[in-house]
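A.B. asks: Build the 3D model from these lines:
(2 chains)
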Amino acid sequence: MKELSLNILDVAENSVKAGASLTQILLTEEGDVLTLEIVDDGCGMDEDVVRSVIDPFYTTRTTRKVGMGIPLLKLACEQTGGCLDISSVTQEADPVSHGTHVTATFHMNHIDFTPLGDLTASVLTLIQGHPDTDFLFRHTRNGNVVELDTRVLREVLEDVPLNSYDVMRWIEGDLQEQYEALS
Amino acid sequence: MKVKELLEHGFEALSLPDGDREIDGVYIGDLLSWVMGRAQMDNAWITIMTNVNTIAVASLADTSCVILAEGVDMPEDILETARDKEINVLRSSQPIYETAVQLSKLVS
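C.D. replies: Numbering: from 1, shown residues only, chains lettered A, B, ... in the order given. I've put the predicted structure just below:
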């Protein structure tokens, strides 16, 4: 991916596919280090499946169901000297608190760091495609925060769908405004 | 031309499970996600990327062979994966451009 935002989109789509009701996309920049976390409360994966999404060739079945999303994210962070970690709890193992937590760290000053790209567009794409699930997006840069929580929006909007045109435009404007204040 | 015929022109075989495969065209790139969507079936793919994702992309894009330029090393465990997945991997000691020029003379 030419931009990390596309990679984030790809991995967050997996969370939605896993039946998550809330997917959190958390980016934290502290000096040179960027920590990206994608946390969902979906059905989770057992150890075998976690291994299969990291290794593009590990399969327990005849056809590959998993994309290159995680292997490419792993490559993107490792080529900056960072690392990727996945922890997951299946619904069977814990019916109350289950889901998947992907953590990737990057060194942003490394010459092979992939630019972040258009995060606002990625968030909008997710909401547009999945208006009935919730997303928490939070980007912290040296203590300053850009945040969007669809649960909060939903309370205000009541019956208006999140992916209606006016709401999408408002979210876009709101995120752009927050980003302008950040830089 | 067949992949194995490249061996007569200074290319080194690192994994050659399917040497009779025909080469049709050439693709060059190191950004794997980019290559995944653009390399054509049967292309010889020139790259310097040597991790396991390279083999996965060659498999998904169904290229005829991976050609590692600049004499880069591919770890043995990854070459084992390549053989296991029937992915041809060759190596050239030449830089990417020179490798491409050489291939353009050999591959119609």
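
A.B. asks: If we ignore the residues flanking it in sequence, what's nearest A:R138?
C.D. replies: Nearest residue to A:R138, sequence neighbours excluded (C-beta to C-beta, 6 or more residues apart in numbering or on different chains): A:E147, at 4.7 Å. All C-beta atoms are positioned from the backbone trio N, CA, C, and that covers glycine.

A.B. asks: Please report how far the one you found lies from chain B.
C.D. replies: 28 Å (C-beta to the nearest C-beta, to the nearest Å).

A.B. asks: Doesn't that residue belong to a strand?
C.D. replies: Yes: A:E147: assigned to a strand according to DSSP: H, G, I helix; E, B strand; the rest coil.

A.B. asks: Just the CA trace of stretch A:129-145, in CSV.
C.D. replies: Extracted as CSV, the C-alpha positions of stretch A:129-145 are listed here (Å, rounded to 0.1, in the frame of the first residue of the first chain):
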residue,chain,number,x,y,z
GLY,A,129,-19.9,1.0,4.0
HIS,A,130,-21.0,-0.1,7.4
PRO,A,131,-23.4,2.5,8.8
ASP,A,132,-24.9,0.1,11.4
THR,A,133,-21.6,-0.7,13.2
ASP,A,134,-19.7,1.7,15.4
PHE,A,135,-16.3,3.1,15.0
LEU,A,136,-14.1,5.0,17.4
PHE,A,137,-11.3,6.8,15.6
ARG,A,138,-8.7,8.6,17.7
HIS,A,139,-5.4,10.0,16.5
THR,A,140,-3.1,11.5,19.1
ARG,A,141,-0.1,13.5,18.1
ASN,A,142,2.1,14.7,21.0
GLY,A,143,-0.8,14.9,23.3
ASN,A,144,-3.3,16.6,20.9
VAL,A,145,-6.2,14.6,19.8
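
A.B. asks: tell me the mean pLDDT over it?
C.D. replies: The average pLDDT within stretch A:129-145 is 96.

A.B. asks: so how far is that stretch from its chain's centroid?
C.D. replies: Centroid displacement of stretch A:129-145 relative to its chain, using C-alpha atoms, centre = their mean, to the nearest Å, is 9 Å.

A.B. asks: Give me the buried positions along it.
C.D. replies: Buried residues in stretch A:129-145, counting neighbours by 16 or more other C-beta atoms under 10 Å in any protein chain shown, are found at A:130, A:133-137, A:139-140.

A.B. asks: Out of the residues you listed, which sit inside strands?
C.D. replies: A:134-137, A:139-140 (DSSP state E).

A.B. asks: For the residue positioned nearest the centre of chain B, give its distance to A:D85.
C.D. replies: Centroid-nearest residue in chain B: B:V66, 1.2 Å away (criterion: C-alpha atoms, centre = their mean). Distance of B:V66 to A:D85, given as C-beta to C-beta, to the nearest Å: 29 Å.

A.B. asks: Next: A:I54.
C.D. replies: For A:I54, the distance to A:D85 - C-beta to C-beta - is 10 Å.

A.B. asks: higher neighbour count, those two?
C.D. replies: Higher neighbour count among A:I54 and A:D85: A:I54, with 17 against 13, using other C-beta atoms under 10 Å in any protein chain shown.
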